[in-house]
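Peer 1: Pasted the sequence and its predicted model underneath.
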Amino acid sequence: MRKWILIFAYVTFWILIIPDRLPYFIIYDKSRIVLLIFGLLLMFAPPYILFNVLTEFEIDKKKWIVTLSSGFLLFPYGILVGQLDDKRLEENSRQTKGVVYDKWTTKRQPLLRAKYKIDNKVYETFSTTDYNDLLEIGDTVTIIYWTEYPELSKIKELEK
């Protein structure tokens, strides 16, 4: 009986984290705390449940390999979320003006964030790579945002 409960838990977990079903504040949280908790949950919960499923079915051969490789499901999940974001912005978005307020350089490329105002509420973009190092703090930029949830946004000038 326990093995079927574990299988149900594993399948249910993956169904519940489908991006369209998640509350927007989880996917688009800018504080990074929720994203960190959600990312750790994604990284450890499915392999843990899968390991227990394989143990219950007494599958010992390559159990560890299967369990650890299940963590690679995060890559297609991340791609799916990115494609969904692009689709949302393509289908139902508006533009507004924003201002670059933060810029820093990593080992690779400069990153920046911009603030913008919608309905008298201030929002921020996620950290975005400025591949050509075009923008500086204080520059005005065009923000494309999703009308249903303005936290989903991107800086038009940095589109490839």
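Peer 2: Noted; the coordinates are in hand. Numbers count the residues shown, from 1 in each chain.
Peer 1: now for the helix or strand hosting Glu90, which elements pack on it?
Peer 2: Per DSSP states H and E, Glu90 falls inside helix 74-91. Other elements packing on helix 74-91 under the criterion 3 or more C-beta pairs under 8 Å, 6 or more residues apart in numbering; DSSP states H and E are helix 33-56, strand 140-146. C-betas here are computed from N, CA, C, even on glycine.
Peer 1: and if we set it to 6 Å?
Peer 2: strand 140-146 (3 or more C-beta pairs under 6 Å, 6 or more residues apart in numbering; DSSP states H and E).
Peer 1: care to break the protein down by domain?
Peer 2: Under the assignment automatic domain parsing, the domains of the chain span 2-89, 93-158.
Peer 1: Need the winner for burial among those domains.
Peer 2: domain 93-158 (a mean of 15; mean count of other C-beta atoms under 10 Å).
Peer 1: Strand partners (parallel or antiparallel) of the longest strand along the chain?
Peer 2: The longest strand of the chain (DSSP state E) is strand 93-105. With DSSP bridges as the test, strand 93-105 is paired with strand 110-118 (antiparallel), strand 140-146 (antiparallel).
Peer 1: and after the last one, which helix or strand comes next?
Peer 2: It refers to strand 140-146. Next element after strand 140-146 (DSSP H and E): strand 153-155.
Peer 1: and that next one, what does it pack onto?
Peer 2: Using 3+ C-beta pairs under 6 Å, 6+ apart: strand 153-155 touches strand 140-146.
Peer 1: what's the angle from the strand it packs on to helix 74-91?
Peer 2: 100 degrees (axes from the mean of the first three to the mean of the last three C-alpha atoms, to 10 degrees).
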